[in-house]
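S.K.: one predicted model, sequence on top.
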Amino acid sequence: MGRVRAHARRQLIALAAVFALCTAGLFVLHAQTKHRYRLSAAAAIADARANASDRAFLARNPTNHARVIPLDGSLQRVTFFAGAQVVLDAAVDERGEVVAIEQHDAGVPASGASLANAPWLLVLLSAVFLAATTVAPLRRIRNLDALVLASFTVTVPLINARLAGASVICASVALLYLTLRCLAVGLRPHRQPAAPSTPLLAHICSSWQPRRRTRLLRLLLAATVFIFVTITLTSAGYTDVAAASLQGATKLVHGVLPYGHITLALHGDTYPLLNYVLYIPGALWQPVTTAFSSLEGSLATTTAAALLAGLGVYRLAAAPGASHRRPASATQQTRSQRDRALRTTLAWFAFPPVLLAASGGANDILLAACLAWMLALRKHKTWSTLALAMGVWVKLVPLVLAAIWLPYRRSERRELIRACAGAAALSLALTVLLIALGGPAAIPAMIKAMAFQFQRGSFFAPWYTFNVQWLQPPVQAAALTIVLLVAVRAQTDRPLRHDLVRVSALAAALLLALQLSANYWTWSYLPWVLPPLLVALFMIDGDQPASTNGATHHARTNTPTARRLQTADAAAPTRQPQPLAGEIEQRGHIRTLRSTRAAAQ
């Protein structure tokens, strides 16, 4: 016991040292990379007001103050506020020219389909999501996890109401809770089975036959998928990411790299190459060259990606190894796995941020599909690592998952080589494409474009919103410490790699920690962390199938009178049931026949 405590104490000291070093280094890095502009903040505000488009918009939408924060190395973001509401964003360069504006009209959704932003539909989808993820009895930590996840939906009407500060508070609290919760699940050496519980839908329909409950789940899933696809394909709420991705894909079709050539969105070339490659089918259908081009191709792309991600989630939840609880029979095991897969897939399609991101044409759905199949193909390391590599080439952030997903022990070198074969082939092919279209300078151009994500300022993060820029380095240091902790635990805790729930929990913790410490956050980031969250928080052992009439039988037999009768029956002598009169005659007749046959023989 003393050795265990000493070892734990040494680990805490090491983690504290790493955190302190990372914090000091990040403070120095932030100080050295701080943007310094020749144009003052007051002059930038004046130049933004002098712009004709800004002046006309501000005349219709009065404001009472403005703030200036960095956008990149040469542009400043000038944001006009009406109280706590964001009214107008303008990007002003060193010469005082406004190079881009973003108008926030009252009553207009920030992104996504108008119907997907309707409050009644957000409430309905959230209710379906909770019905698919919660259990009975209600006093379970899993239900709190589901409520916290559903609380992200509150940020949608807050952002639509232009209340950036309020949305940042709600998101930060939920992100912090889920990060700590996933760390608790993933770092626990011996995962204890959860307390017995029954899925809420099964508990409500406990008087139904199992097949009828399964039909209900299928019907709910089919209806949700139909609504999802219909709203997505008929959406008109495209995001700037959709415009940039489709224009970049159109450029690729014509043999031109997107880096430095996207004009429809400021810094629209900030993604790795595979992001634009995956939008090529949509660009072939609807090429995008000007601001008047149709962006419907992005909706077809995200719809296909969402369906593919849903299929991965279904396969992941239906896997036999997803739960360690031994079923009563093979039939019950099959039914339990099927119902769990249906509920988990229903939760994916009913989660409002997934619909909003898909109906906006955002590439976050593409990344979600990659990570869902990374988990679903976990037993096939080559394909699983290939899915992870695809995610990295769509958005750089999943690179952090290599700390836990790749085998890197000395004894696992062959396995590492096999696992990385597909990822290396994909990276080589994309690198060759980069050089073929843009020459050797294409790789530095892509890296420079992606660096924008690490330097931009935004009011959709707490640092500038509440003037706590000093807090970002410690939070980023905490995220780096978590990455190191997870990497060390993955190397020393060998059973961890074979525990799907713990691995998914640590993967979700890494992604959530990066979101919490980033310069910018939006609800469209939630779809690509949702697959590991569904595994980590809602596939923990403890679900018990609801037997037919189970709730009614328990209610009838758990009363004091019923318990006294059961005690009296147990104390009474056992009596054989008396046959009916017809049965007596029949039995006597049978005995007579048997006696006659014996005498004849």
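M.R.: Thanks, I have it.

S.K.: stretch 223-232 - what's its average pLDDT?
M.R.: Average pLDDT, stretch 223-232: 97.

S.K.: so how far is it from its chain's centroid?
M.R.: 19 Å (C-alpha atoms, centre = their mean, to the nearest Å).

S.K.: just the CA trace of it, in CSV.
M.R.: C-alpha atoms of stretch 223-232 as CSV (Å, rounded to 0.1, in the frame of the first residue of the first chain):
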residue,chain,number,x,y,z
ALA,A,223,-38.4,8.7,-39.0
THR,A,224,-35.4,10.6,-37.5
VAL,A,225,-33.2,9.7,-40.5
PHE,A,226,-35.9,10.8,-42.9
ILE,A,227,-36.3,14.1,-41.2
PHE,A,228,-32.5,14.5,-41.0
VAL,A,229,-32.0,13.8,-44.7
THR,A,230,-35.0,16.0,-45.8
ILE,A,231,-33.9,19.0,-43.8
THR,A,232,-30.3,18.7,-44.8
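
S.K.: could you find the closest non-adjacent residue to residue 143?
M.R.: Using C-beta to C-beta, 6 or more residues apart in numbering and skipping residues adjacent in sequence, the residue nearest residue 143 is residue 134, 4.8 Å away. Quick note: C-beta positions are derived from backbone N, CA and C, even for glycine.

S.K.: and residue 258, which of the three is it?
M.R.: coil (DSSP: H, G, I helix; E, B strand; the rest coil).

S.K.: how about the nearest residue to the residue most central in space within the chain, chain neighbours excluded?
M.R.: When C-alpha atoms, centre = their mean is applied to the chain, the residue found nearest the centroid is residue 530 (2.1 Å). Computed as C-beta to C-beta, 6+ apart, the closest residue to residue 530 that is not its neighbour in sequence is residue 351, at 6.1 Å.

S.K.: wouldn't the one you found be in contact with residue 128 here?
M.R.: No - Residue 351 is not in contact with residue 128 according to C-beta atoms under 8 Å; the separation is 9.2 Å.

S.K.: those two - which one has more neighbours?
M.R.: Taking neighbours as other C-beta atoms under 10 Å, residue 351 and residue 128 compare with residue 351 leading, 27 against 22.

S.K.: contact partners for that one?
M.R.: 125, 129, 149, 526-527, 530 (C-beta atoms under 8 Å, 6 or more residues apart in numbering).

S.K.: three-state assignment of residue 189?
M.R.: Recorded secondary structure, residue 189: coil (three-state DSSP).

S.K.: that one: how many residues sit nearby?
M.R.: 9.

S.K.: against residue 179, how distant is the nearest residue to it once chain neighbours are set aside?
M.R.: Ranked by C-beta to C-beta, 6+ apart and with sequence neighbours excluded, the top spatial neighbour of residue 189 is residue 493, at 6.8 Å. Noted for residue 493: a distance of 19 Å to residue 179, by C-beta to C-beta, to the nearest Å.

S.K.: tell me, how many neighbours does the residue nearest to residue 143 end up with?
M.R.: By other C-beta under 10 Å, neighbour count at residue 134 equals 22.

S.K.: excluding chain neighbours, what is closest to residue 115?
M.R.: Looking at residue 115 with C-beta to C-beta, 6+ apart, the closest residue is residue 231, at 5.4 Å.

S.K.: doesn't residue 113 make contact with that neighbour?
M.R.: Yes - Residue 231 lies in contact with residue 113 (C-beta under 8 Å); the separation is 5.1 Å.

S.K.: name the residues contacting each of those two.
M.R.: With C-beta under 8 Å, 6+ apart as the test, residue 231 and residue 113 both reach 355, 359.

S.K.: check which residues of the helix or strand hosting residue 173 are buried.
M.R.: Assigned by DSSP states H and E, residue 173 belongs to helix 164-187. Using 16 or more other C-beta atoms under 10 Å as the burial criterion, the residues of helix 164-187 that qualify are 164-172, 174-175, 177-179, 181-183, 185-187.

S.K.: longest single helix anywhere in the protein?
M.R.: Longest helix of the chain, by residue count under DSSP state H: helix 2-32.

S.K.: and that helix, what does it pack against?
M.R.: Packing partners of helix 2-32 (3 or more C-beta pairs under 8 Å, 6 or more residues apart in numbering; DSSP states H and E): helix 472-492.

S.K.: need the contact partners of stretch 367-387.
M.R.: Residues from elsewhere that reach stretch 367-387, judged by C-beta under 8 Å, 6+ apart: 305-306, 308-309, 312-313, 315-316, 319, 354, 388, 390-391, 394-395, 397-398, 401, 405-407, 415, 418-423, 426, 500, 503-504, 507, 527-528, 530-532, 535.

S.K.: and if we set it to 7 Å?
M.R.: Residues outside stretch 367-387 that contact it (C-beta atoms under 7 Å, 6 or more residues apart in numbering): 305, 308-309, 312-313, 315-316, 388, 390-391, 394-395, 398, 405-406, 415, 418-423, 426, 500, 504, 527-528, 530-532, 535.

S.K.: separation between residue 38 and residue 91?
M.R.: Applying C-beta to C-beta, the value for residue 38 to residue 91 is 16 Å.

S.K.: more neighbours, these two?
M.R.: A direct count of neighbours by other C-beta under 10 Å for residue 38 and residue 91 places residue 91 higher, at 21 against 8.

S.K.: ignoring the adjacent residues along the chain, who's closest to that one?
M.R.: residue 100 (4.3 Å).

S.K.: just give me the neighbour total for the one you found.
M.R.: Using other C-beta under 10 Å, residue 100 has 16 neighbouring residues.

S.K.: let the chain start at 872 from now.
M.R.: Let's use 872 as the start, then, which means that last one is residue 971.

S.K.: so what does it look like in phi/psi?
M.R.: Main-chain dihedrals, residue 971, degrees, to the nearest 10: phi -160, psi 150.

S.K.: how close does it sit to residue 919?
M.R.: Distance, residue 971 to residue 919, by C-beta to C-beta: 11 Å.
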